[in-house]
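S.K.: Sequence and predicted structure are below.
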Amino acid sequence: MEKLKLGELLVRLGKLTPEQLSMALEEQQRRQEPLGQVLLQKGWIRESELYQVLADQQRAPLISLEAVEIQPEALNLLDRRFAREKQVLPLRLDGARLHVAMAHPADLALLDELRFRTGKEIVPYLASDREILQTLDDLLQPQQSLGAVQMEARPGPDLTIEQAPAIELADELVRKALGARASDLHLEPQESYVRVRIRVDGVLQEIHRLDKGLEAPLVARFKVLAGMDIAEKRRPQDGHFTYTFGNRRHELRIASVGTLFGERLTVRIIYPDAVRRGLADLGMLPEDLKRFEGLLRSTSGILLVTGPTGSGKTTTLYAAMQHLYTSEKCFLTIEDPVEVPLEGISQIPVQPKIDLDFGEALRSVLRQDPDVILVGEIRDRTTIDTALRAALTGHLVLATLHANDALSTPIRLLEMGAEPYLVGATLLGVVAQRLVRQVCPQCAEACPTPTEARLLWGEAAPVHEYRGQGCAYCRGTGFSGRMGLYEIYSLDQEARHLIASGGSLAELQARAASSQHKDLWAKALVAVRDGRTTTSEVLRALGWREV
């Protein structure tokens, strides 16, 4: 009998409609993620329902790891790095048989490898990858990785940077950050300990407090990996290295700086799949996506993306470049630093040490016969002037700029010294964006609308909003992943004339209001009404506004 696919099973069991399956499969193809993860993120199926169907499909008993006592002798049969990478957890020994919880119990090649590594016959069970990784962290990290290292790595005359404890600890911390899908890992020396925090969905959370004796070897280990000078502890340094996790290569960027209690390290993690997204994966509302695609159809002019650091501007620009890419045109980027290689596109990193800043790099790029140019950031008048003149002479320029919102961006350009006639003649539009955490679809419940919502939106405030109550899927936070809020401002002829004649922000706002332009607050209201985020998240991302 032919085995049914997961989606077909869910539809047959009434857990999913054919229309939902079609939409999920389309999104799965774009995002290159398992279908089950897409369904969970959309909240169309509960995690318990999904794994029960998976257990039936893969003919493996479903197991809850919370109710299982794990034998240390079974756990010790597998290397913890292999266990995490393959998402397997040895449970217990039964003579020549080893009972193992697996995220993919139907993977015959993996079952063969487990037999080879352990010398045992494998009895597989199905458990969620999230539950397996969390259990491995709970069982291995406090006792074997951190506990053992704290005893072995205290200061002493024979301590070297290549001691196994420091190597294992650095590896363990990076893997935990990657497993939690963190964007940053922070090592923060305090007076008597080292605080370790990770940033998940834009919010920092403490995961460990390490013995002070671990500070020197751990920092040295990261600096060696990143090609930094381990002898220099006072001056700030930067470095990078690649790290493979789950069969994917990740770029890790290290920045160090001396503090009162020692060297502080920040490890920035670049996820290739997070940066390489299509326009449809950004999460824009349909009308905004259509407007953005319309702006990108221009053959010349400048399109600006604004927002604070960490608001996803680079992701938006990369998606735009990949949307535009064709082998018939020349695409060049100027970045600080280059986030991820883009196939077919020449990417140029700025290099301050040789005086190659954005302005100088842009001038040199114009001699390379480009059609489309991406400028990582407009920081000064020279870069602004060069970018605007490039847009005026037939190039399409995409760039980022720090501004509060879309309508204030033209005024910001003028304040930085740009010529009003150049801005009016070349500015195609502005994308202002923020990132907010999404309500966990697995534990979301309708709750009374908070007072803040009525203060922000008045009568337009939703009757209720959805909030995550905290569950295993979202690690008790009530949120799972982030989404973008996008304000798309497309300039018409009257707006161009206002800018060219030195018009004020109030005049631009009045013009935008007459054309039913919707700002970030209006976009945020839609997201709250749809149950995708909360008022508190909107306030965290946008702050209070004047009513």
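M.R.: Good, I have the coordinates.

S.K.: Could you list the low-pLDDT ranges of the stretch 201-350 of the chain?
M.R.: Within the stretch 201-350 of the chain, the ranges that satisfy pLDDT under 70 run 246, 273-276.

S.K.: Can you list the residue ranges for strands in it?
M.R.: 203-211, 237-245, 248-259, 262-270, 301-306, 331-335, 346-349 (DSSP state E, counting those that start in this stretch).

S.K.: Any idea which of those strands gets closest to Asp171?
M.R.: strand 237-245 (8.8 Å; CB to CB). The way it works is simple: take the backbone N, C-alpha and C, and place the C-beta from them, glycine included.

S.K.: Counting neighbours, show which residues of the closest one come out buried.
M.R.: Within strand 237-245, the residues scored as buried using 16 or more other CB atoms under 10 Å are Gln237, Gly239, His240, Phe241, Tyr243, Phe245.

S.K.: One more: stretch 321-338?
M.R.: Buried positions in stretch 321-338, judged by neighbour count with 16+ other CB under 10 Å: Met321, Gln322, Leu324, Cys330, Phe331, Leu332, Thr333, Ile334, Glu335, Asp336, Val338.

S.K.: I'd like these as CSV, with distance to Arg195 appended.
M.R.: As requested, the buried residues of stretch 321-338 are exported to CSV (distance: CB to CB, whole Å):
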residue, distance to Arg195
Met321, 38
Gln322, 38
Leu324, 44
Cys330, 48
Phe331, 43
Leu332, 42
Thr333, 36
Ile334, 36
Glu335, 31
Asp336, 29
Val338, 31
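
S.K.: Go through those and name the one nearest Leu225.
M.R.: The shortest gap between Leu225 and any of the buried residues of stretch 321-338 belongs to Val338, at 19.1 Å (CB to CB).

S.K.: Would you confirm that that closest one contacts Val350?
M.R.: No - with contact defined as CB atoms under 8 Å, Val338 does not reach Val350; the gap is 9.5 Å.

S.K.: check contacts around Pro294.
M.R.: Wrong residue type there; residue 294 is Gly, not Pro. When contacts are counted by CB atoms under 8 Å, 6 or more residues apart in numbering, Gly294 touches Ser490.

S.K.: Low-confidence ranges, this structure, go.
M.R.: When residues are selected by pLDDT under 70, those of the chain lie in 1-3, 140-164, 246, 273-276, 545-547.

S.K.: quick one: furthest residue from the center of it?
M.R.: Taking CA atoms, centre = their mean, the residue of the chain most remote from its mean C-alpha position is Gly95, at 44.7 Å.

S.K.: and the gap between that one and Asn76?
M.R.: Gly95 sits 17 Å away from Asn76, going by CB to CB, to the nearest Å.

S.K.: Asp138 too?
M.R.: 16 Å.

S.K.: isn't Val431 right up against Val305?
M.R.: Yes - with contacts counted by CB under 8 Å, Val431 reaches Val305, the gap being 4.6 Å.

S.K.: what touches both of these two?
M.R.: Joint contacts of Val431 and Val305 (CB under 8 Å, 6+ apart) are Thr316.

S.K.: hang on, the earlier thing: between the strands of the stretch 201-350 of the chain, which one is nearest to Lys86?
M.R.: Closest approach to Lys86 among the strands of the stretch 201-350 of the chain is made by strand 237-245 (11.6 Å; CB to CB).

S.K.: who does that closest one pair up with?
M.R.: Applying DSSP bridges, strand 237-245 is found paired with strand 248-259 (antiparallel).

S.K.: angle of the partner strand against strand 262-270?
M.R.: Per axes from the mean of the first three to the mean of the last three CA atoms, to 10 degrees, the angle that strand 248-259 makes with strand 262-270 is 160 degrees.

S.K.: Counting neighbours, show which residues of strand 248-259 come out buried.
M.R.: Buried positions in strand 248-259, judged by neighbour count with 16+ other CB under 10 Å: His250, Glu251, Leu252, Arg253, Ile254, Ala255, Ser256.

S.K.: I'd like those as a markdown table, with distance to Ser183 appended.
M.R.: As requested, the buried residues of strand 248-259 are exported to a markdown table (distance: CB to CB, whole Å):
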| residue | distance to Ser183 |
| --- | --- |
| His250 | 11 |
| Glu251 | 12 |
| Leu252 | 11 |
| Arg253 | 11 |
| Ile254 | 14 |
| Ala255 | 14 |
| Ser256 | 18 |
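
S.K.: Just give me the closest of these to Arg389.
M.R.: Arg253 (32.4 Å).

S.K.: Let me see the ranges of the helices in the stretch 301-450 of the chain.
M.R.: 313-324, 358-365, 381-392, 408-415, 420-426 (DSSP state H, counting those that start in this stretch).

S.K.: So which of these is nearest Val224?
M.R.: Taking CB to CB, helix 313-324 is the member of the helices of the stretch 301-450 of the chain nearest to Val224, at 28.0 Å.

S.K.: what packs against the closest one?
M.R.: Judged by 3 or more CB pairs under 8 Å, 6 or more residues apart in numbering; DSSP states H and E, the packing partners of helix 313-324 are helix 272-275, helix 286-296, strand 301-306, strand 331-335, strand 372-375, strand 396-401, strand 427-439.

S.K.: could I get these as TSV with distance to Glu206?
M.R.: Output for these, formatted as TSV (distance: least, CB to CB, whole Å):
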stretch	distance to Glu206
helix 272-275	23
helix 286-296	37
strand 301-306	32
strand 331-335	32
strand 372-375	37
strand 396-401	31
strand 427-439	18
